[in-house]
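# I would like to see how this sequence folds:
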Amino acid sequence: MRRTVTGIALVAATAALLAGCGSGGGDGKEAGAKQDTSQAPSPAASKPAGGQEATREVTFEVRGQGSTQVLWTAGESKTEQVNLPWTKTTQLTVKGAELKVGSLVSVVPGSVTGSDGQLEPASCVIKVDGKQVADNKDGKSIAGCKYLVK
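Numbering: from 1, shown residues only. Predicted coordinates:
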């Protein structure tokens, strides 16, 4: 019961933080999360001739053993109780201004039991069009993973 309450509290707190991050003047990069734009897919790769929208394949991965809650966002937000390891692939259409500024995708995993028996954040990864664009350094960052898809 204690683990469930802790996991729910972590997911709720992180969701509140992520909700507040969208209106700031930040660059969309999270401290501690891998943001390698050199591997990011080219926005022109799947743009229609008019250039008004593009569809991206977004894959979320949460690694570990056992089960935990996962909050993921890609055009919509969902919270799920999942068995690990977990993978979710969805299509995201970015259009208009999102092609320039990006559309936020994120995954916030709950806690898992570490090798020392203590609770720790689960490891997460985000891939866009098959290329890894964000991770939480094998669970060392409690903020989860986020990326601006263009």
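
# Show me what residue 81 bridges to in the sheet.
With DSSP bridges as the criterion, residue 81 is bridged to residue 69.

# Tell me the predicted confidence for it.
We have a pLDDT of 97 for residue 81.

# Also residue 21?
So residue 21 comes in at 45 (pLDDT).

# Then residue 42?
49.

# what's the answer for the one 5 residues further on, then?
We have a pLDDT of 48 for residue 47.

# What are the boundaries of the helices in this protein?
For the chain, applying DSSP state H gives helices covering 2-21, 98-101.

# And these, which one averages the lowest pLDDT?
helix 2-21 (a mean of 46).

# Where does the prediction get shaky in this protein?
1-51 (pLDDT under 70).

# so where do the strands sit in this structure?
53-63, 67-74, 77-83, 86-95, 103-109, 111-113, 119-121, 123-128, 131-135, 145-149 (DSSP state E).

# And the last one, what does it pack against?
Yep, that's strand 145-149 we're talking about. If contacts are counted by 3 or more C-beta pairs under 8 Å, 6 or more residues apart in numbering; DSSP states H and E, strand 145-149 sits against strand 53-63, strand 103-109, strand 123-128, strand 131-135. The C-beta positions use only the backbone N, C-alpha and C, and glycine is treated the same way.

# and it with strand 131-135, angle?
With axes from the mean of the first three to the mean of the last three C-alpha atoms, to 10 degrees defining the directions, strand 145-149 sits at 130 degrees from strand 131-135.

# Look up how far residue 116 lies from residue 73.
31 Å (C-beta to C-beta, to the nearest Å).

# Same drill for these two, tell me which one is more crowded.
Neighbours per residue (other C-beta atoms under 10 Å) separate residue 73 from residue 116, with residue 73 holding more: 21 against 6.

# how deep is the nearest residue to the more buried one once chain neighbours are set aside tucked in, by neighbour count?
With C-beta to C-beta, 6 or more residues apart in numbering as the criterion, residue 73 has its nearest non-adjacent residue at 4.7 Å, and that residue is residue 106. Using other C-beta under 10 Å, the number of residues around residue 106 comes to 25.

# Residue 106 pairs with what?
The partner residues for residue 106, given DSSP bridges, come to residue 73, residue 146.
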